[in-house]
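J.: what follows is a protein structure lacking sequence information:
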């Protein structure tokens, strides 16, 4: 029997959460989050931000041997900018490949673009639209976007390809070969 | 290569989320959530609700061979009702025992009592108070309680005992025997 003792304080990335086993989400990692991220034992980071990473962050990933995957997308901003569906489908293919796990998904705030990608992942899990939007809004607060929730609702999961040999358990259970 | 196909829609329990590997949180499970809960492959459910479970729910757990753990506590309601610290410490001991995993924690709404317990779990993980409260408020919205956040802040993690042989990896790393 052991008693807890105080350990060094950790600073999780803003808007951090576990999504499913092997997949995490958050805002853009900063230097003060590095100790926390190190504990996650990540194999990959998937960013939705098209801009180059700060050198500090790039060096940190390199030192930690973290594979860096970029699927840069613009945020949903009415009326002219849309998240490209095909990019999200590609990002999902990378996200559900257990060879990339544990993986952290992030954009800038971990609210909108990350929220869209995770919403589409929940769709792969067959979550009801109500539950998907509840989760989306939990992280997007106080600025949920109707356009994002519509994007998730209209997203066609049949455009997502994956390798069943390297798919997580929950996805293999839903599998329908064609 | 396999393409996603539409599967049967699932209704996650309200306020559902994964906390750490092996630990989930949510509101009170209802009949329409049973198919979803079945997919989690739970070994245990830990409830913070002191009242008896509806028969339907009890029968469901029995059929699924889910161990049912009760640490009934009243919610924090000013000025007279406090969450008992010792009960939360005991619940944490059960929560960090991997022999009970996967485990689902719930109260009624999955906001306040569950939020307090998970906040204390985050304290075991050495999360900063800011990050703990961010997460607490995400699930307690739109009714976060200052008293709950204070409860978490004042909670003494050294009152939590656990068996290091059956503790999760992240806890064993922080361990300090006495």
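T.: Here it is on my side, so go on. As the structure is a prediction and not an experimental result, all values here were calculated from the model. Numbers count the residues shown, from 1 in each chain, chains lettered A, B, ... in the order given.
J.: list the contacts of the spatially most central residue of chain A.
T.: Note on chain A: the residue nearest the mean C-alpha position is residue A:105, at 3.0 Å, using CA atoms, centre = their mean. Shown in contact with residue A:105 (CB atoms under 8 Å, 6 or more residues apart in numbering or on different chains): A:19, A:23-26, A:45-48, A:91, A:95, A:114, A:117-118. For every residue, glycine as well, the C-beta is placed using N, CA and C.
J.: and residue A:60, by the same measure?
T.: Per CB under 8 Å, 6+ apart, neighbours of residue A:60: A:29, A:31, A:34, A:37, A:66.
J.: how near is the second one to residue A:13?
T.: Distance of residue A:31 to residue A:13, given as CB to CB, to the nearest Å: 11 Å.
J.: hey, where'd the helices end up in chain A?
T.: A:34-40, A:55-63, A:85-95, A:113-124, A:129-140, A:146-154, A:169-173 (DSSP state H).
J.: can you name every helix or strand that the third one contacts?
T.: The one in question is helix A:85-95. For helix A:85-95, the elements it packs on are strand A:44-47, strand A:103-106, helix A:113-124, strand A:161-162, judged by 3 or more CB pairs under 8 Å, 6 or more residues apart in numbering or on different chains; DSSP states H and E.
J.: nearest to chain B, of the contacts of residue A:105?
T.: Of all the contacts of residue A:105, chain B sits closest to residue A:19, with 6.8 Å by CB to the nearest CB.
J.: surely that closest one meets residue A:118?
T.: Yes: with contact taken as CB atoms under 8 Å, residue A:19 and residue A:118 are classed as touching, separated by 5.7 Å.
J.: overlap in contacts, those two.
T.: Common neighbours of residue A:19 and residue A:118, using CB under 8 Å, 6+ apart, are A:25, A:105.
J.: and those two? which has more neighbours close in?
T.: With neighbours defined as other CB atoms under 10 Å in any protein chain shown, residue A:19 and residue A:118 compare such that residue A:118 has more, 24 against 21.
J.: quick one: contacts for that one?
T.: Residue A:118 neighbours (CB under 8 Å, 6+ apart): A:19, A:25, A:105, A:135-136.
J.: how close does residue A:15 sit to chain B?
T.: Going from residue A:15 to chain B by CB to the nearest CB, to the nearest Å gives 8 Å.
J.: quick one, what contacts the spatially closest residue to that residue that is not a sequence neighbour?
T.: Spatially, and ignoring its direct neighbours in sequence, residue A:15 is nearest to residue A:110 (3.5 Å; CB to CB, 6 or more residues apart in numbering or on different chains). Shown in contact with residue A:110 (CB under 8 Å, 6+ apart): A:13-16, A:25-28, A:139.
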